[in-house]
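Colleague: Sharing a model that was predicted from the sequence below.
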Amino acid sequence: MRDNVKPGEKWEFNEDVAACFANMLERSIPDYKSMRALVYKAGERFIRPDTLVVDVGCSTGLAVEPFVEKYRDQNDFLLIDSAYAMVEASRQRFMDEPSVTVRPGYLWDHLPFADPASLVLSVLSLQFMPTSYRQKMISDIYDGLVPGGALILVEKVVSENLDELMVQMYYEMKRENGYTEEQIMEKRRSLENVLSPLKPEWNVDMLRTAGFREVGMFWRCLNFCGWIAVK
């Protein structure tokens, strides 16, 4: 379904958003397909048999789906999202997958993980969490990983330099993808005080503080970055 959602005063991940979420991401995230492909290619290098794979802020389950398809027989999957509509969409997507558990709530409601995890995905998720909670959440994820396990973190960021240019180029991309000026500004206003991006180095600092021994950026396009953090 094509994204023509008219956001309210405050952004919500409701049923309308869930219904068109795939299209929304493809048209709103720069270099989206490459990012998704790299998340999978990087992530599968860390999966170990008989460990948990966790998707934090799973939305409709798009990020974790290729992992489920390949590793359903050797791993269990825990998907977590705080939005009811997203939880229901993920449950529908994986209704015939006994290895997948989808749970409503925030990450902190489900820590520690019931079983050790070898891979945790957080793709465009922590940016919607209160900034004061993020360090503890990343530290708790670290504690739940097996040695050699990894967190793959993708976030919108605020650029240290040229941020205005990055934003202008981002909005130009959205116009090229069919969004009107009105749609772009309505969504921007709706996301204020809901989405809180940080500087890239602040995200790295949180990963280092949590204890991750290796942290590397594997993808960046405009004001979006992806990191691999290895325990």
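Modeller: All right, it came through fine. Numbering: from 1, shown residues only.
Colleague: Tell me if Ser34 really is in a helix.
Modeller: Yes: Ser34: assigned to a helix according to DSSP: H, G, I helix; E, B strand; the rest coil.
Colleague: Return the residues in contact with it.
Modeller: Ser34 makes contacts with Trp219, Cys221, as judged by Cβ atoms under 8 Å, 6 or more residues apart in numbering. For the C-beta atoms, the positions are set from N, CA and C on the backbone; glycine is no exception.
Colleague: What pLDDT is listed against it?
Modeller: Note on Ser34: pLDDT of 97.
Colleague: In this structure Leu124 contacts Tyr32, no?
Modeller: No: shown here, Leu124 and Tyr32 do not form a contact pair, counting by Cβ atoms under 8 Å, at 10.2 Å.
Colleague: between the two, which one's more packed in?
Modeller: The neighbour count for Leu124 versus Tyr32, taken as other Cβ atoms under 10 Å, is higher for Leu124 (20 against 16).
Colleague: Quick one: mean pLDDT over the longest strand seen in the chain.
Modeller: Across the chain, the longest stretch assigned as strand under DSSP state E is strand 145-156. Mean per-residue pLDDT for strand 145-156: 98.
Colleague: what do you get for stretch 224-231?
Modeller: For stretch 224-231, the mean per-residue pLDDT is 98.
Colleague: Not counting its own residues, what contacts it?
Modeller: 29-31, 35, 38-39, 42, 46, 142, 145-157, 200, 203-204, 207, 210-220.
Colleague: which of these count as buried?
Modeller: For those, a neighbour count by 16 or more other Cβ atoms under 10 Å gives the buried set as 29-30, 35, 38-39, 42, 46, 142, 145-146, 149-157, 200, 203-204, 207, 210, 212, 215, 219.
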